[in-house]
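K.L.:
Quick one: sequence plus predicted model below, questions after.
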Amino acid sequence: MAGGTKRSAEQDFSAASSLPSMLSWDLWRPAETCYLHDAGGIHGTGHAGRMLVWSSVIGGWMRQQGIAVDLDVVRWSAVLHDVRRLHDGHDPLHGARCGAWISEGGFAARYGLRANVLNARQLEQIAYCCTWHVPPDQAVPAMTPELICLKDADALDRVRLGGLDRRFLRTGIAAALVHQAQFLCDTSELQAGFRDDQWDAVRLAAQRMGVWSRPDDVRPSAGRWHFFAT
């Protein structure tokens, strides 16, 4: 799955970023009441916003490779995977805790109509991805495309912690996005409103990079990727 050279990945990821531009990614904003710990912390809404960006780009790239991947599952998994953390430290059960919360109806109860558009299979897949994003790959029953998207996006946003190791990225596209991940993290944290609303800060930074879907932008964003593909 990690196949492909860096060159071929960079050739592909401009087109992979051409996501449906009429769709506002704010639809996937996690409610702060979902968080057991700190929605404004290092695993909070800022992390969720960057996860939404990179998991969507990786999922789009996978589709271009002919891999069937459910982007609704990818995006919900990306924004929800850390919401049941008890703290920001070593919490190895937070994935299982989140998976159980989804399976037992917590997600559906909180999101109502937005959750109702998902079928039972999709909810099961979201719970699966959240449950298994924590253990190492070799311990996972099946590395589904959706879980790979989640794990690689999570690995990319380790730039915020200074702990990204390229050797553990699973896809060619993720390996081509390391500098972009660092840029998005840095510029989002420099936004004036970052302390008050991390999600909004990530949105502003990602829009300026051309990697955030905007309701008023019907043009493909692929051209704006070229500057960052170095």
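P.N.:
Yep, it's here.
K.L.:
So which residue is smack in the middle of this protein?
P.N.:
Taking CA atoms, centre = their mean, the centroid of the chain lies closest to Met51, which sits 2.5 Å from it.
K.L.:
and that one, what is it in contact with?
P.N.:
Shown in contact with Met51 (CB atoms under 8 Å, 6 or more residues apart in numbering): 78-79, 81, 150, 153-154, 157. C-beta here means a position set from N, CA and C on the backbone, and glycine is covered the same way.
K.L.:
Check this structure for its longest helix and report it.
P.N.:
Longest helix of the chain, by residue count under DSSP state H: helix 45-64.
K.L.:
List the buried residues in that helix.
P.N.:
45-62 (16 or more other CB atoms under 10 Å).
K.L.:
likewise stretch 146-162?
P.N.:
Buried residues in stretch 146-162, counting neighbours by 16+ other CB under 10 Å, are found at 146-157, 159-160.
K.L.:
picking that back up, against His81, how distant is the residue nearest to the centre of the chain?
P.N.:
7 Å (CB to CB, to the nearest Å).
K.L.:
and for those two, which residues touch both?
P.N.:
Residues touching both Met51 and His81 (CB under 8 Å, 6+ apart): 150, 154.
K.L.:
what about the protein, any weak spots by pLDDT?
P.N.:
Within the chain, the ranges that satisfy pLDDT under 70 run 1-23, 112-113, 213-230.
K.L.:
Show me where the chain has its helices.
P.N.:
For the chain, the helices defined by DSSP H occupy 6-16, 45-64, 71-80, 94-103, 106-111, 113-116, 120-132, 145-156, 172-175, 178-189, 198-209.
K.L.:
Let me have these in CSV, adding distance to Leu164 as columns.
P.N.:
Output for the helices of the chain, formatted as CSV (distance: least, CB to CB, whole Å):
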stretch, distance to Leu164
helix 6-16, 16
helix 45-64, 12
helix 71-80, 17
helix 94-103, 20
helix 106-111, 29
helix 113-116, 32
helix 120-132, 20
helix 145-156, 7
helix 172-175, 10
helix 178-189, 7
helix 198-209, 17
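K.L.:
out of those, which comes closest to Thr33?
P.N.:
Closest to Thr33 of the helices of the chain is helix 106-111 (CB to CB; 6.9 Å).
K.L.:
what does the closest one rub up against?
P.N.:
By CB under 8 Å, 6+ apart, the list of residues contacting helix 106-111 from outside reads 31, 33-34, 76, 80, 101, 115-116, 123, 126.
K.L.:
What's the ChimeraX line that selects buried ones from these?
P.N.:
In ChimeraX, this line selects whichever of those come out buried by 16+ other CB under 10 Å:
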select :34,76,80,101,115,123,126
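K.L.:
which one of the contacts of helix 106-111 is nearest Gly210?
P.N.:
Nearest to Gly210 out of these is Trp76 (CB to CB; 23.4 Å).
K.L.:
so who does that closest one touch?
P.N.:
Going by CB under 8 Å, 6+ apart, the list of residues near Trp76 reads 28, 107, 118, 126.
K.L.:
closest to Asp196 among those residues?
P.N.:
Asp196 has its nearest neighbour among the contacts of Trp76 in Trp28, at 20.2 Å by CB to CB.
K.L.:
Could you measure from the closest residue to Val211 other than its chain neighbours over to Thr144?
P.N.:
Leaving aside its sequence neighbours, Val211 sits nearest to Val53 (CB to CB, 6 or more residues apart in numbering; 5.3 Å). Distance, Val53 to Thr144, using CB to CB: 20 Å.
K.L.:
same check, this time on Ile126
P.N.:
11 Å.
K.L.:
One more: Val134?
P.N.:
15 Å.
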